[in-house]
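Q: 3D, please:
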Amino acid sequence: MMSTYYAVIFTSIRTDQESSEYEMMADKMVELASKQPGFIDVESARDSKGYGITVSYWESLEAIQEWKENTAHQAAQRKGKETWYEDFKVRICKVEREYSFEDK
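A: A predicted model of the protein is given here:
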């Protein structure tokens, strides 16, 4: 990865609403985001109680803003507020350093 980039951290608690439509929409949003200029990667996890975290990585704040303004993304956000989420938070962070370990 590049030396400095941005992370959008989306944490949420799901409602009890049916999840197959949600899963399809989530997959569509990842596919769409990956085609956006400035997109780097995404990681996501959800536990059995409905708590989830998705972190998407972007080259710039401008790229994040363009994704936020994407009309399909805005429609998904509205559906999420109406149906799929009890609550959520979005945090945007500048990543200044990264290191990792891989046991092979």
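Q: list the helices and strands the longest helix seen in the chain packs on?
A: Longest helix of the chain, by residue count under DSSP state H: helix 20-34. Under the contact definition 3 or more Cβ pairs under 8 Å, 6 or more residues apart in numbering; DSSP states H and E, helix 20-34 sits against strand 39-46, helix 71-79. Just so you know, the C-beta spots here come from the backbone N, C-alpha and C atoms, and that holds for glycine as well.
Q: redo these as TSV? Include mean pLDDT.
A: Compiled in TSV, these are given as follows (pLDDT from 0 to 100):
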stretch	mean pLDDT
strand 39-46	95
helix 71-79	93
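Q: of those, which approaches residue 24 most closely?
A: helix 71-79 (10.6 Å; Cβ to Cβ).
Q: list of residues touching the helix or strand following that closest one?
A: Counting by DSSP states H and E, the next helix or strand C-terminal to helix 71-79 is strand 85-95. Contact partners of strand 85-95, identified using Cβ atoms under 8 Å, 6 or more residues apart in numbering, comprise 4-15, 50, 57, 61, 64, 80.
Q: please pick the buried ones from those residues.
A: Buried residues within those, defined by neighbour count using 16 or more other Cβ atoms under 10 Å: 5, 6, 7, 8, 10, 12, 14, 15, 57, 64, 80.
Q: now the residues you listed in JSON lines, with distance to residue 92, pLDDT and secondary structure?
A: Formatted as JSON lines, the buried ones among the contacts of strand 85-95 follow (distance: Cβ to Cβ, whole Å; pLDDT from 0 to 100; DSSP: H, G, I helix; E, B strand; the rest coil):
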{"residue": "5", "distance to residue 92": "11", "pLDDT": "97", "secondary structure": "strand"}
{"residue": "6", "distance to residue 92": "6", "pLDDT": "98", "secondary structure": "strand"}
{"residue": "7", "distance to residue 92": "7", "pLDDT": "98", "secondary structure": "strand"}
{"residue": "8", "distance to residue 92": "5", "pLDDT": "98", "secondary structure": "strand"}
{"residue": "10", "distance to residue 92": "10", "pLDDT": "96", "secondary structure": "strand"}
{"residue": "12", "distance to residue 92": "16", "pLDDT": "94", "secondary structure": "strand"}
{"residue": "14", "distance to residue 92": "22", "pLDDT": "91", "secondary structure": "strand"}
{"residue": "15", "distance to residue 92": "25", "pLDDT": "89", "secondary structure": "coil"}
{"residue": "57", "distance to residue 92": "11", "pLDDT": "98", "secondary structure": "strand"}
{"residue": "64", "distance to residue 92": "6", "pLDDT": "97", "secondary structure": "helix"}
{"residue": "80", "distance to residue 92": "18", "pLDDT": "91", "secondary structure": "helix"}
